[in-house]
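K.L.:
okay, sequence plus prediction incoming.
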There are 4 protein chains.
Amino acid sequence: MNSFGRRFRLTLVGESHGEMVGVVVDGVPPGIPFGPEDAQPALDRRRPGQSLLATQRQEADLVKIRSGVFEGRTTGAPILMEIANSDARSQDYAELRDKPRPGHADHTARVHYSGHNDPRGSGMFSGRMTACWVMAGALAQKALAARSVQIAAHAVRIGHVWTDASLSVAEIRKGVEATPARCAVYGVAQDMVDAVEAARKAGDSVGGVVECVAEGLPAGLGDPLMDSVESLVAHALFAVPAVKGVEFGDGFAISAKRGSEVRDEYVVENGALRTKANHNGGALGGLTTGMPLRFRAAFKPTSSIPLTQQTVDLRTGEPAELRVKGRHDPCIVPRAVPVVEAVAACVLLDLLLERVGMEGFR
Amino acid sequence: MNSFGRRFRLTLVGESHGEMVGVVVDGVPPGIPFGPEDAQPALDRRRPGQSLLATQRQEADLVKIRSGVFEGRTTGAPILMEIANSDARSQDYAELRDKPRPGHADHTARVHYSGHNDPRGSGMFSGRMTACWVMAGALAQKALAARSVQIAAHAVRIGHVWTDASLSVAEIRKGVEATPARCAVYGVAQDMVDAVEAARKAGDSVGGVVECVAEGLPAGLGDPLMDSVESLVAHALFAVPAVKGVEFGDGFAISAKRGSEVRDEYVVENGALRTKANHNGGALGGLTTGMPLRFRAAFKPTSSIPLTQQTVDLRTGEPAELRVKGRHDPCIVPRAVPVVEAVAACVLLDLLLERVGMEGFR
Amino acid sequence: MNSFGRRFRLTLVGESHGEMVGVVVDGVPPGIPFGPEDAQPALDRRRPGQSLLATQRQEADLVKIRSGVFEGRTTGAPILMEIANSDARSQDYAELRDKPRPGHADHTARVHYSGHNDPRGSGMFSGRMTACWVMAGALAQKALAARSVQIAAHAVRIGHVWTDASLSVAEIRKGVEATPARCAVYGVAQDMVDAVEAARKAGDSVGGVVECVAEGLPAGLGDPLMDSVESLVAHALFAVPAVKGVEFGDGFAISAKRGSEVRDEYVVENGALRTKANHNGGALGGLTTGMPLRFRAAFKPTSSIPLTQQTVDLRTGEPAELRVKGRHDPCIVPRAVPVVEAVAACVLLDLLLERVGMEGFR
Amino acid sequence: MNSFGRRFRLTLVGESHGEMVGVVVDGVPPGIPFGPEDAQPALDRRRPGQSLLATQRQEADLVKIRSGVFEGRTTGAPILMEIANSDARSQDYAELRDKPRPGHADHTARVHYSGHNDPRGSGMFSGRMTACWVMAGALAQKALAARSVQIAAHAVRIGHVWTDASLSVAEIRKGVEATPARCAVYGVAQDMVDAVEAARKAGDSVGGVVECVAEGLPAGLGDPLMDSVESLVAHALFAVPAVKGVEFGDGFAISAKRGSEVRDEYVVENGALRTKANHNGGALGGLTTGMPLRFRAAFKPTSSIPLTQQTVDLRTGEPAELRVKGRHDPCIVPRAVPVVEAVAACVLLDLLLERVGMEGFR
């Protein structure tokens, strides 16, 4: 099913080369001031064609809000938002119906949908579907901001270039747009730009890691065990194409440590219970601790690269060569930054609604 | 909510120091031969007190099947399975109501449940709840085995000791029980045992990583985007206490690579479409590829260590010292191995049921 | 939440006087031939302005399929269908923001949405939202027809005019369109037309009952207890505005009988187990029996009548008089007939998918 | 699936002749004082063997609370409650595996579960499963009472004896236990007792109708359209064996009326908006109006009657005669009264939790 969320729920619609891609958002608290101007900035950050680091497909990605908003405020009814597909070049995809691209969903989608899936531009398996998260996330961020929850993400790795700086929301926001790499550490970001450029010139691609921080969350959000805050965030992140790993706090690195090295001991600061360190990334027992929620998502390098690749012609069962056409991103990571923020916003608003109900948003 | 699964659904009940911990499994295909003897072996692998690597709490953990099985076969009705709690020492926990343990759910649970949660043995936040997954997983594995799906897991890291061997189900099964570390690479496993012993003697703990492989899956399982196979597996894994990271295939390592290095090119072998490598870990576009599904879960070192730790006395708001009593695991990883297998089995059976319906299991 | 269905799931969007009303249908089996020509006939039956028995609002209600169909077949991706609102007269509703109409959702919606709901044409509380069911139902009926499941409904009561004829699908289809009353018993239908006319001329409205029959269902569909076939059908029917009662088989009448009078004894006919009578309406133990599923939904008379009514001015808390403007149906029942068929189709396809999975529709 | 509820969720377990029947209740607000003494009275009202009007099966039905309660209060963790089966006589059912009883789930269950369902005492299709609702409902009523919501039900029809009195909660409570018929109108109740006695002596059974009223509900509860208050209540009621019809307010009778006859005009009373009449039964637009929620459920006469009935021997496909053994109720209605109250309580608490969240119950 193409829905996610329990109380703030997204349902995705559309396909890469159909008329549009869109999202229905249900469970929206009524009365939130919201218009296209709130969603467009994040969409512009995700939009193709922004820089040489991204695909050269040209899409304006202008959001249309088609329901659920009246006189500038959410009504509580489902909100349908959509962006048009205007620069689709479906002819680039004709060959792929019979020659599945390595690293893509071509083959698995064909099996899952018995060959009936829309192959143009990967249909609903396209990275373009992440624009849906961005639209919904803009709405969620508007609702969260009114309750002082702030979210920001940036690239902490692109290829072999990385940083272990642990930045705050304010620090990320200050630096993230300084380079097209969307890493808030300026020197590192410059090296990242070079790494993407080198890959692009070599007809190759690179992967990377996005780190996201959410501040201002109350303690105790989440449903222990089955719907832990980590479970819900990870569920949503793995719904983003190209994500291959998710970790919270020290993540995989914590598994190499001793317990004495990664203690989050309690202290009282300004009357509030806090932890001295935050190795657990703001979650304990599946519930938020009140410390910043910090997590990372690993993105694989774009599979669509101009190099000739080996595949199979499904009509004959014989080996075949494939040279992927179309306009693809040499590195998806900078465009993924607003997507990760949006995912976090949607999940955290959902958890907050569990806590305070619709009445809590009056 | 304490349920997980769409068609094969678990609901957890019980608490660490109450009468029992148990699980209700719904959506069970009827007619599967199943009895206590099917669930007991996996429970025995998870049981406390197995070796010096684990907690010395003594629990027989004998499974009782209380509904849904008639004349040795599942009826299709919900199955309630439970194990008794017999060696609970609740007095060890009295102090913790006011002095939250660092790294534990004591504080977050208190906030979430407004102070009404059962504090004895961490209540439902105890690692003991993972026995529920093991019971349900035994049932799922029985159903999957009849369709030739095989699942196995082992430890690939404990503290600083690790292996990058990529083993098959058969290889894991052959070696995993050779040492109490439950790593199927014998030499590495011996070092892991030493690492745990060293930590235990130092009054400390170590973390680790469990890798799991599922073979025999058909291609095309999963719901693209929102309920991708990665999303569902990660959701369930992050419902296991102490998990801080999840990755598929090359995972975080893939993010440092170029696209040309991590291609999974297609070939035909014995008439079946396969990929030469499996960097994507058996999932593309959120759907299974038909290659082995391979993923890893990172576990943090046990937070309950005998060292004195800093905390806060919630009655006074003043700093306090805490020395955690009770019998705790110096390393949770070996006992987590059957839990990870169980999680995988439950999720994969759920996906298979989506594909073939109840009739597919006749 | 504005979604219904477990495997075949509808999410409603839009509002009566916004741009459009629409529905996202998820869980669609791939490969079903489907186009606007499949949905339009049912929409035309529900459309306003068909006859003097219905509202004179003029809407073409031409369906647009905006995603999920490629080369004339469903792809398996969510399908967004919508119809435009072109003849909305929102000025008719200005007064109602402060003077809630008796029998309408004006007041309850205001409370539920803290005053932010869209009041124009009742927003999403409008009967116009039932067009969403009709669009989704057309798709469901296409999928069901391929499996020999046939559904038909007609009016069995309008005001004081009623019939207790128990017709088959073929009988209903033969007669239902003979009069604008949509009752398949011709003489009764003529009296129904008179009853509506009389009410309309008196500035009044009448209620009625729709009976629906589904034939060709296999035995055993449904989930016993919690998701019984009756539970799901009733859940969906009570989501249709103006429905105040739902009954299966002999329904309320059965409660006045003795057990010996309403036995459905078994016989074998042409090798198949059948019941001699069908007092239970094709459902036993929450599961289909293989006999025709037969149920009725009671609709209240339209609340919007031209008579002056008593209400309260919410600004002052003082009594006020209200004369509802706008173009309303003197009897909603004839237009409800295709809605009830659509509801049945959506629920029954959902149940069938539970049984056979996506593979069952290959 | 055997679960119901979105925020306050029941999962049923057990079977009529297994060890026990039970219910897991999830989403329980923490801190509610609750113990066996709160659930036992309602169970005693549903218990078999209370009077000659009910089955003579003897069960103590003593509730055991096995999790989720600590120091006399709910912890927020799932609560497992169960009652033992002690007086099961499974030998009475041996014949039914091959000769399905008319009016029972024997045949449909056999098909649904491919013959693997537990046939003893109808397994989970037994009316005994309604004890699960009663246990959960007792908890829900405790939570609701703290928010001044009161629920009461009574029989308004048994066979040909009926009343159209529209009683308040106080009036129902005052009179409902005066006779074993559980009708709060004394004279009518005496006639009902006679009607059941007459049927019992004739080796027959009778049906009836239960009316339920909930007072003290705030306006605006429910989710419009898909999860309307009527949808959820009806969904749950049709999960109760033997229910064949559900109606709200004037129900089916309203469909025979003109709009001018069934207006619920608004007035202000003591500063609150109320309606003069309550033809809509306390729900408009799928949301509560703040007036009493009033609904009725129609129960069919018990199918298990001592008369010889026609069926089919499934081994041979030949006609066969069946004389149902076992101890059955000549009329289920009096025992259904606490079940209907419990269903209402569970659904209404769920809706209230949507409104105010967990925090609303602190």
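P.N.:
Now that the structure is in, tell me what you want to look at.
K.L.:
just give me the neighbour total for residue A:276.
P.N.:
Residue A:276 has 12 neighbours, counted by other CB atoms under 10 Å in any protein chain shown. From N, CA and C alone the C-beta is placed, and that goes for glycine too.
K.L.:
I meant residue A:215, not that one.
P.N.:
For residue A:215, the neighbour count with other CB under 10 Å is 17.
K.L.:
one more: the one 5 residues further on?
P.N.:
Using other CB under 10 Å, residue A:220 has 23 other residues around it.
K.L.:
contact partners for the residue lying closest to it once chain neighbours are set aside?
P.N.:
Spatially, and ignoring its direct neighbours in sequence, residue A:220 is nearest to residue B:111 (3.4 Å; CB to CB, 6 or more residues apart in numbering or on different chains). Contact analysis of residue B:111 by CB atoms under 8 Å, 6 or more residues apart in numbering or on different chains lists A:218, A:219, A:220, A:287.
K.L.:
tell me which two of those sit farthest apart.
P.N.:
In the contacts of residue B:111, two members sit farther apart than any others by CB to CB. They are A:218 and A:287, at 10.2 Å.
K.L.:
so, in contact with chain D or not, the helix or strand harbouring residue A:340?
P.N.:
If you go by DSSP states H and E, residue A:340 is part of helix A:333-356. Yes: using CB under 8 Å from any CB of the partner chain, helix A:333-356 reaches chain D at A:353, A:354, A:355, A:356.
K.L.:
surely the last one meets residue D:354?
P.N.:
Think residue A:356. No: assessed by CB atoms under 8 Å, residue A:356 is found out of contact with residue D:354, at 11.5 Å.
K.L.:
who has more neighbours, residue A:218 and residue A:287?
P.N.:
residue A:287 (27 against 16).
K.L.:
nearest spatial neighbour of that one, chain-adjacent residues omitted?
P.N.:
Counting by CB to CB, 6+ apart, the residue nearest residue A:287 is residue B:108, at 3.7 Å.
K.L.:
which SSE is the one you found in?
P.N.:
Applying DSSP H and E, one finds residue B:108 within helix B:106-112.
K.L.:
for that helix, give the mean pLDDT please.
P.N.:
Mean per-residue pLDDT for helix B:106-112: 93.
K.L.:
quick one: name whatever helix or strand follows it.
P.N.:
Taking DSSP H and E, what comes next after helix B:106-112 is helix B:130-145.
K.L.:
show me what the helix or strand just after that following helix is packed against.
P.N.:
Going down the chain from helix B:130-145, the next helix or strand is strand B:150-158, by DSSP H and E. In this structure, strand B:150-158 makes packing contacts with helix B:130-145, helix B:169-175, helix B:186-201, strand B:208-215, helix B:333-356, judged by 3 or more CB pairs under 8 Å, 6 or more residues apart in numbering or on different chains; DSSP states H and E.
K.L.:
using CSV, write down the CA coordinates of strand B:150-158.
P.N.:
C-alpha atoms of strand B:150-158 as CSV (Å, rounded to 0.1, in the frame of the first residue of the first chain):
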residue,chain,number,x,y,z
GLN,B,150,15.3,-20.3,4.8
ILE,B,151,16.6,-17.8,7.2
ALA,B,152,19.7,-17.7,9.4
ALA,B,153,21.6,-15.0,11.3
HIS,B,154,24.8,-14.8,13.2
ALA,B,155,27.0,-12.2,15.0
VAL,B,156,29.4,-10.5,12.6
ARG,B,157,30.8,-8.0,15.2
ILE,B,158,31.2,-8.0,19.0
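K.L.:
could I get the buried residue list for that strand?
P.N.:
Using 16 or more other CB atoms under 10 Å in any protein chain shown as the burial criterion, the residues of strand B:150-158 that qualify are B:150, B:151, B:152, B:153, B:154, B:155, B:156, B:157, B:158.
K.L.:
circling back: show me what the helix holding residue A:340 is packed up against.
P.N.:
Counting contacts by 3+ CB pairs under 8 Å, 6+ apart, helix A:333-356 packs against helix A:36-46, helix A:130-145, strand A:150-158, strand A:208-215, helix A:229-237, strand A:293-299.
K.L.:
mind exporting it as PDB, just the C-alpha atoms?
P.N.:
What follows is helix A:333-356 as a C-alpha-only set of coordinates in PDB (Å, rounded to 0.1, in the frame of the first residue of the first chain):
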ATOM      1  CA  VAL A 333      22.500  13.300  -1.900                       C
ATOM      2  CA  PRO A 334      22.100  17.100  -2.200                       C
ATOM      3  CA  ARG A 335      18.600  16.800  -3.500                       C
ATOM      4  CA  ALA A 336      17.800  14.200  -0.800                       C
ATOM      5  CA  VAL A 337      18.500  16.600   2.000                       C
ATOM      6  CA  PRO A 338      15.000  18.300   1.900                       C
ATOM      7  CA  VAL A 339      13.500  14.800   1.400                       C
ATOM      8  CA  VAL A 340      15.000  13.600   4.700                       C
ATOM      9  CA  GLU A 341      13.800  16.700   6.500                       C
ATOM     10  CA  ALA A 342      10.300  16.100   5.100                       C
ATOM     11  CA  VAL A 343      10.300  12.500   6.200                       C
ATOM     12  CA  ALA A 344      11.300  13.500   9.700                       C
ATOM     13  CA  ALA A 345       8.600  16.200   9.900                       C
ATOM     14  CA  CYS A 346       5.800  13.800   8.800                       C
ATOM     15  CA  VAL A 347       6.800  11.100  11.300                       C
ATOM     16  CA  LEU A 348       7.300  13.500  14.200                       C
ATOM     17  CA  LEU A 349       4.000  15.300  13.700                       C
ATOM     18  CA  ASP A 350       2.300  11.900  13.600                       C
ATOM     19  CA  LEU A 351       3.800  11.000  17.000                       C
ATOM     20  CA  LEU A 352       2.800  14.400  18.400                       C
ATOM     21  CA  LEU A 353      -0.800  13.900  17.300                       C
ATOM     22  CA  GLU A 354      -0.800  10.600  19.200                       C
ATOM     23  CA  ARG A 355       0.100  12.500  22.300                       C
ATOM     24  CA  VAL A 356      -2.100  15.500  22.200                       C
END
